[in-house]
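S.K.: A structural model of the following input is requested.
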Amino acid sequence: MARSSSANPPRRPGHSQAFPEGGLLAPRVSTLSKALTRSAVQFAKAHYGLSQVEWQVVTLLGVFQPVSIRELAYHAMLDAAQISRAVSSLVARGDVNRARSARDSREAELSLTPQGLAMHAELTAAAQARNRHVLDGHSAADVARFFTMLDSFIARARQLSDQE
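M.R.: Alright, predicted model coming up:
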């Protein structure tokens, strides 16, 4: 009997969702996030030779710059050492500037170079294309409701983690 690859797991008849039983939110949201992240990282690797952590650094710097490695690690939910290695690589490539922080001379402040900004713009355009693909076939009103619900779910989940 032939084995299926992990990229295309076997499906039971009538079950098109990855997690049909139980109504659990986390596995579905996680699966969506991982699928979109995998696609984004494949694009970043193919077009720019970026690792997953380097892609995260560029993506997050485009939103939060200027920022310290510590703050970037917080936003990426990764260890500061992983972020530091990725930043060093991106600095060597000319995609990221590392300068002394005006707020704290012990910290470096990170920002994208013009080359890094151009890369971020292309990564963002590719992310928007992925969004359009995933949301295609759904009305603008349904998408707006979905985003409102997600924002509510995120806020409530943060309340849980803040309580623990």
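S.K.: give me the low-pLDDT residue ranges for this protein?
M.R.: Low-confidence segments of the chain (pLDDT under 70): 1-22, 104-105.
S.K.: all strands of it, in order?
M.R.: Assigned by DSSP state E, the strands in the chain fall at 96-100, 108-112.
S.K.: for A144, which of the ones you listed is the nearest?
M.R.: Closest approach to A144 among the strands of the chain (Cβ to Cβ): strand 108-112, 30.6 Å. Just so you know, the C-beta spots here come from the backbone N, C-alpha and C atoms, and that holds for glycine as well.
S.K.: isn't E71 up against F64?
M.R.: Yes - here E71 reaches F64: they are 6.9 Å apart, a contact under Cβ atoms under 8 Å.
S.K.: how about a markdown table for the strands of the chain, with distance to A76 and mean neighbour count added?
M.R.: Formatted as a markdown table, these follow (distance: least, Cβ to Cβ, whole Å; neighbours: other Cβ atoms under 10 Å):
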| stretch | distance to A76 | mean neighbour count |
| --- | --- | --- |
| strand 96-100 | 14 | 15 |
| strand 108-112 | 12 | 20 |
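S.K.: out of those strands, which comes closest to M77?
M.R.: Among these, the nearest to M77 by Cβ to Cβ is strand 108-112 (17.0 Å).
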